[in-house]
Structures are given as structure tokens and as C-alpha cells.
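Trainee: Structure for this input, please:
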Amino acid sequence: MTRYVAAIDQGTTSSRCIVFDAAGAVVTQAQREHEQRFPRPGWVEHDAVEIWHNVQAVTRGALDAAGLSHADLAAIGITNQRETTLLWDAATGEPVGNAIVWQDTRTDRLVGRLASDGGQDRFRDRCGLPLATYFSAPKIRWMLDADPELQARAADGAVRFGTMDTWLIERLTGRHATDVTNASRTMLMNLRTLDWDDELLAAFDIPRAMLPQVLPSSHVYGEAAPFGGTPVASALGDQQAALFGQACFAPGEAKCTYGTGSFLLLNTGTTPTASERGLLTTVAYQIGDQPAVYALEGSIAVTGALVQWLRDNLGIIRHAAQVNELAAKVPDNGGCVIVPAFSGLFAPHWRPDARGVIAGLTGFVTKEHLARAALEATAWQVYDVVDAMNAGSAVDLAELKVDGGMTASELLMGFQSDVLGVPVSRPTVAETTCLGAAYAAGLAVGFWPDVDSLRANWRVDRRWEPTMTDSRRQAGLRQWRKAVARSLDWVDDQP
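Mentor: Just a heads-up that it's a prediction; the model follows:
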């Protein structure tokens, strides 16, 4: 019997399931969006029950579309939006409230109080992360503070915490577990022990009893009861999954995923590497009982979300792809620069006080210039991350592997190559987040024998070479940095 591996990708704006064959090719897929909830400025929430129903629907839908059943699957892998935080009742499985999404900034004052004693990097040596609203620990603390009864219940294990991988693993298998990549994004896991850290738990006053078991990324978590007992055999945060799917298994190999936000990861090998330029030290993956592999990461909050904003809030485009049609009608941005600091600026700046700006507006600027400026904002934000990565690395980036929905924009990819001054390569399977989860699951059950077999599957679909002159690149960079400076110090301490 021909067998396949399915990957569930629980993302920020949608959930999908893609089924892959042994060559790593897409056989079938299904996708469904979920509601984005914005109850207050800076707050972003998801309904976890809606997401669970969508995950079940897209998994069944993908199988049905190809005439497959759960018996045709060797394994299921999970990849997910990472720092998004959920609490639920251990007995009933019902969430105690909506999930707080990674983009949410409601914990900014809590983060400020914690940083007042030891600074923003007071925990970086243990968890690899700066104090920021981005990560899960401040979100957990906020939820416990918002309902005084939850703290006592959490200490007794009656309330459970999980990122979205944990939520799905428990719904599928009954096991309260997470993997090392997702755990490394909570600010609660020690990078070296790969387990919850007592000092970090004490600093945030978070009970260990509410936390899931930390397991390897490629590992059989249990059997998926809704899908005939198919093994759930991997879990990876979405950006680590994309690194895995891009076959970046050697130190020095890097990828950037362009989605709601954009995320650049550099494989640094089996030893954590600290950054002094605003990058995160994170776990890249762990295969079974092998040593964990680490990465440096630059996380950008808003890239594809800026295109959605042009569509949903301004209405200047009807669908996301139209941004490319508009941008291609003008030769440049007309002097207009957009800094999409909707939730502050993430790497390498880590400025929660920043807010979005559109600079350089004149009567000459049209919606076409705005569309082009939106695409260019993505490329310049990636430039800032690569610049920080090159400054902290022994070898400068020589090539960037790219994936994610925005790589369909050839204008953006060409501009990205121009501003970086290095080639940009897109693989034949651009959905590498799902592919990485499938690869890790397949390894755990022997569907693929080793990572060399996965590397052999990687193929280039399109490669862009830089053509921009250095003088034009430097002029654009100066313009970008002036606009970034104008986005800072917007939020103050007033209620």
C-alpha cells in the first residue's frame, strides 16, 4: 500500500493540512481561516475551539480530496504559531478564555516591571530570549493575574498551559506535551537542560504543575484518536519546521519564511550561540534522543499582515495578490516608506514603544506607491535582521533560502535579493513549514531513513540574483532607517 505523511499547520490566520508523498511532493491539501479578534488596541486573540474544529475539518478535507483515509497515513506531524498562549481546564478540556496571540502587546507594562530589575536581558543566558511581550511567559502571568482563582487551580494542575501544538496534541492523543522548539519560545525553558527552569518559573510565579511535558521534535507523541490511531509523530514551531523543511541541517545554513510575519533562522549547530545584536537564541529541532540543534533567529512581527491591512482596513486591494499588480505599475515607492510597527518592532530592535508610520507622503503618492512601499517594508525589515546576523557570525550570509506565501511575489523576491546583495532561492515546494513537520514525523516512524534522504528531495524552483547598485541600496537604506527612527517612542506610560 502506498503511504503518505500528513502535516497539520496551525497558523496565525488559518489552519491547513497538507499530505506529502515519499519524494516530499504535495499530494493534497485543505485550508480554513479563523477569526482574528481585536478586543482592544494592541490585543489579538483567537478562539481555540474554533481552531480545533477547523483542524479536524481540514485534515478530513485533505484526505477526502485525494480519496485517502487515515489508513493511508504513516504519521501526522504538527507545526504551529508559536508563542500564542492558551489556558484550559484539565478536567473538561475547555479553554478558560481566548488564546492570546504572539502579536499581542497587552503585557507591555508587566514586561517593563520585570525588566526594571536586571534589564531586558536578565533571563537571556538561561532561555536565550529578551524580555518582550512576544513570548508566552508574560502572557501566562497576565492570564493568571486577570483571574485570581486560576493561580491556585494552576498550582494544583487543574488548569493547563499550552501553545497551540500542545492544545492539538492533547486534543488528538490525550497527552499534555510540547516539543523543545515550542518550549524554547516560552521564556520558561532552560536552553541547555531542555526542561522547565526553576529560576524562570519563580521569576514569573508560574506553577510547574500547569506546564506540559517537554519532548523531542521528532518523536511519537501518541495516537490520533479522531484519525484512526495514526501516530502523531512530530511537533515543531512553524519557523523551526520551515528550517527543517528547507533541509538546513548544517551549521551556517539559513532560511526566511514570509508569512503574517517573517522569520529568519540560521542553524548554529549543537551549541547555543548568544547574540549581542537583538537576535534570539532558540532550539532549531531535536530528532529523537540525538543532541538538540540550535539556531539564531530574527523575528519580524508584520510583513504579510501589512498586505492584509491594505486589503481589510484600507480597502485599496481586494485580494492579497493584487498588491503585486499595483506595485508593479510604478518604478519605485515615490518617496513613501511604511514601517509596519503595529505591535512594536521585533528583531533586531525590540521596541514595544514603536508604532507604525507612513513617512514621506506627498500629493504625488498613489495607492500603487503604497503597495510597493508595503512590499519594500518586508525586504528592509529582513535586511535589518541579516545585518545583525552577519555582525554576530563568523561568516556573512552567502545565500538566503526563502519560503512562505509572500515568496509568490517575484517583485518582492527580486527586491530582497537586491537589498541583501546575495542570491535568494525558492524551493519547488514553497510550503516548507508543513514539509518540515511531515519530514520530522516521517523520521520518527521510519518513513524516511535519515536527514540525507530529506536533503536529496530539496530542489530550486527560482533563484534571484542581485542587480541593484550599491549607491542605490545605500540611499534606500538611509531612507528606511530615517523612517524607523520616526516610529520609535510613540507609546508612553499614560493609560
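Trainee: what about Asp312, how many neighbours?
Mentor: 11 (other CB atoms under 10 Å). All C-beta spots, glycine's among them, are computed from the backbone N, C-alpha and C.
Trainee: and it, helix, strand or coil?
Mentor: helix (DSSP: H, G, I helix; E, B strand; the rest coil).
Trainee: Cross-check the contact I'm expecting between Ser343 and Thr107.
Mentor: No - counting by CB atoms under 8 Å, Thr107 is not a contact partner of Ser343; they are 11.4 Å apart.
Trainee: which residues are in contact with both of the two?
Mentor: Taking CB atoms under 8 Å, 6 or more residues apart in numbering as the criterion, Ser343 and Thr107 both touch Thr133.
Trainee: Who has more neighbours out of these two?
Mentor: Using other CB under 10 Å as the criterion, Ser343 and Thr107 rank with Thr107 on top: 27 against 24.
Trainee: what's the spacing between the more buried one and Gly344?
Mentor: Going from Thr107 to Gly344 by CB to CB, to the nearest Å gives 11 Å.
Trainee: need the contact list for the residue of the chain positioned farthest from its centre.
Mentor: Distance from the C-alpha centroid of the chain peaks at Gly363, with 37.2 Å (CA atoms, centre = their mean). Shown in contact with Gly363 (CB under 8 Å, 6+ apart): no residues.
Trainee: Val44 versus that one, what's the distance?
Mentor: Gly363 sits at a distance of 34 Å from Val44 (criterion: CB to CB).
Trainee: Same check on Asp205?
Mentor: Taking CB to CB as the measure, Asp205 falls 24 Å from Val44.
Trainee: Neighbour count for these two, which is higher?
Mentor: When neighbours are counted by other CB under 10 Å, Asp205 and Val44 differ, and Val44 comes out ahead with 22 against 12.
Trainee: list the contacts for the more buried one?
Mentor: 36-38, 100-101, 103-104, 343.
Trainee: Show me where the stretch 251-400 of the chain dips below the pLDDT cut-off.
Mentor: Under the criterion pLDDT under 70, the flagged ranges of the stretch 251-400 of the chain are 392-395.
Trainee: element containing Leu87?
Mentor: Assigned by DSSP states H and E, Leu87 belongs to strand 86-89.
Trainee: and that strand, which residues are buried?
Mentor: Across strand 86-89, burial judged by 16 or more other CB atoms under 10 Å covers 86-88.
Trainee: same question, stretch 271-287
Mentor: Residues 272-273, 275, 277-287 are the ones in stretch 271-287 that count as buried (16+ other CB under 10 Å).
Trainee: Equivalent analysis for stretch 26-39, please.
Mentor: Per 16+ other CB under 10 Å, stretch 26-39 contains these buried residues: 26-32, 34, 36.
Trainee: Of those, which pair is most distant in space?
Mentor: Between any two of those, the greatest separation by CB to CB is 29.7 Å, found for Val27 and Gln36.
Trainee: Burial check on the closest residue to His176 other than its chain neighbours, number of neighbours?
Mentor: Residue nearest to His176 in three dimensions, not counting chain neighbours: Pro212, with 4.7 Å by CB to CB, 6 or more residues apart in numbering. For Pro212, the tally of surrounding residues (other CB under 10 Å) stands at 22.
Trainee: tell me the pLDDT at Pro212?
Mentor: Looking at Pro212, its pLDDT is 98.
Trainee: So it versus Val220, what's the distance?
Mentor: As for Pro212, its distance to Val220 is 16 Å (criterion: CB to CB).
Trainee: which neighbours do Thr107 and Gly344 share?
Mentor: Taking CB under 8 Å, 6+ apart as the contact rule, Thr107 and Gly344 both touch Thr133.
Trainee: what's the residue farthest from the centre of the chain sitting at in phi/psi?
Mentor: phi -70, psi -10 (degrees, to the nearest 10).
Trainee: what's the distance between it and His369?
Mentor: Distance, Gly363 to His369, by CB to CB: 11 Å.
Trainee: What of Trp350?
Mentor: In this view, Trp350 and His369 are 30 Å apart by CB to CB.
Trainee: Strands of the stretch 351-495 of the chain, start to end?
Mentor: Using DSSP state E, counting those that start in this stretch, the strands of the stretch 351-495 of the chain run over 357-359, 400-403, 424-427, 460-464.
Trainee: Quick check: neighbours of the shortest one in the sheet, parallel or antiparallel?
Mentor: It refers to strand 357-359. The pairing partners recorded for strand 357-359 under DSSP bridges are strand 337-339 (antiparallel).
Trainee: Show me what the strand holding Leu87 is packed against.
Mentor: strand 159-162, helix 164-173 (3 or more CB pairs under 8 Å, 6 or more residues apart in numbering; DSSP states H and E).
Trainee: I'd like the next helix or strand past it.
Mentor: Immediately after strand 86-89, counting by DSSP H and E, sits strand 99-100.
Trainee: Have a look at Trp350 and His369 and say which one is more surrounded.
Mentor: Taking neighbours as other CB under 10 Å, Trp350 and His369 compare with His369 leading, 23 against 19.
Trainee: related to what we said a few turns ago, what mean pLDDT would you report for the strand holding Leu87?
Mentor: Rounded mean pLDDT across strand 86-89 is 97.
Trainee: can you dump the C-alpha coordinates of it into CSV?
Mentor: Output in CSV follows, covering the C-alpha atoms of strand 86-89 (Å, rounded to 0.1, in the frame of the first residue of the first chain):
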residue,chain,number,x,y,z
LEU,A,86,-3.8,29.2,25.9
LEU,A,87,-5.0,28.0,29.3
TRP,A,88,-7.7,25.3,29.7
ASP,A,89,-9.4,23.2,32.3
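Trainee: in the stretch 301-450 of the chain, which spans are helices?
Mentor: Using DSSP state H, counting those that start in this stretch, the helices found in the stretch 301-450 of the chain span residues 304-309, 322-327, 367-391, 410-420, 432-444.
Trainee: Turn the ones you listed into a markdown table, including distance to Tyr134.
Mentor: Formatted as a markdown table, these follow (distance: least, CB to CB, whole Å):
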| stretch | distance to Tyr134 |
| --- | --- |
| helix 304-309 | 14 |
| helix 322-327 | 26 |
| helix 367-391 | 14 |
| helix 410-420 | 23 |
| helix 432-444 | 19 |
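Trainee: so which of these is the most packed in?
Mentor: Each of the helices of the stretch 301-450 of the chain was scored by mean neighbour count; the highest is helix 432-444, a mean of 31, by mean count of other CB atoms under 10 Å.
Trainee: could you give the mean pLDDT of that one?
Mentor: 96.
Trainee: Kindly report the same for stretch 461-469.
Mentor: Here the average pLDDT along stretch 461-469 is 96.
Trainee: Report the buried residues of that stretch.
Mentor: 464, 466.
Trainee: Show residues contacting that stretch.
Mentor: The contact list for stretch 461-469, computed with CB under 8 Å, 6+ apart, reads 410, 413-414, 416-428, 430.
Trainee: How far does it sit from its chain's centre?
Mentor: For stretch 461-469, the separation from the chain centroid amounts to 25 Å (computed by CA atoms, centre = their mean, to the nearest Å).
Trainee: same question, stretch 373-393
Mentor: Averaging C-alpha positions (CA atoms, centre = their mean) puts stretch 373-393 16 Å from its chain's average.
Trainee: Which residues are in contact with Ser343?
Mentor: Contact analysis of Ser343 by CB under 8 Å, 6+ apart lists 42, 44, 103-105, 133, 301-302, 352.
Trainee: again, only this time at 10 Å
Mentor: Applying CB atoms under 10 Å, 6 or more residues apart in numbering, one finds that Ser343 lies in contact with 42, 44, 101-105, 108, 133-134, 261, 301-302, 305, 352, 354-356.
Trainee: Would you tell me which of the strands of the stretch 351-495 of the chain gets closest to Val293?
Mentor: Nearest of the strands of the stretch 351-495 of the chain (CB to CB): strand 400-403, 16.3 Å.
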